[in-house]
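>>> following is a predicted model, sequence given first.
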Amino acid sequence: MQRVLFRRTERYLALLTLGLVAACGPTTPAPEVTAPAPVIEPAPQPLAEIHPREPANPERLIGQSPKAVQDLMGAPTLVRRDDTVQVMLFENAACVFEVVFFEPNTNAYFEARHIAARTPGGIKVGTDECLAAHLPGGHWPDE
């Protein structure tokens, strides 16, 4: 009886093996699919290169009122007024930009008459470079 069971088991294994081999029979290869070449677009050219702008000129501040200067430069870090003189400081880590206003007489408006620039340590630097360090992109906000 064991022999009969062994033969049956042998037959089942043979059939199972044949079934597995038949299932794994020859298949047709899948057609090769080639993806189209990626289109590489050049990076957009920065607007500053297309329309170069002149750096902000500090001389534009001369003759301006304190409000006009603040409209161009933003809020000062210090404002000091002594009689007919008013001083505004615009400070950052790079430099201190100073605008001095004078009032010609007590009934007139303050006008910017002097500009200066220095490092936070007090060493004189160029007003053009210092102004550029205070303005985004080195340009006036209305340009």
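Structure's in. What do you need?
>>> give me the number of residues near residue 81?
The number of residues packed near residue 81 is 13, by other CB atoms under 10 Å. Placement of C-beta: from N, CA and C, glycine included.
>>> pull the CA atoms of the helix or strand it falls within into PDB?
Using DSSP states H and E, residue 81 maps to strand 78-82. Output of strand 78-82 as PDB, limited to C-alpha atoms (Å, rounded to 0.1, in the frame of the first residue of the first chain):
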ATOM      1  CA  LEU A  78      17.800 106.500  14.700                       C
ATOM      2  CA  VAL A  79      16.300 110.000  14.300                       C
ATOM      3  CA  ARG A  80      17.800 113.000  16.200                       C
ATOM      4  CA  ARG A  81      16.700 116.600  16.100                       C
ATOM      5  CA  ASP A  82      18.600 119.600  17.400                       C
END
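>>> other SSEs contacting that strand?
Judged by 3 or more CB pairs under 8 Å, 6 or more residues apart in numbering; DSSP states H and E, strand 78-82 is in contact with strand 85-91.
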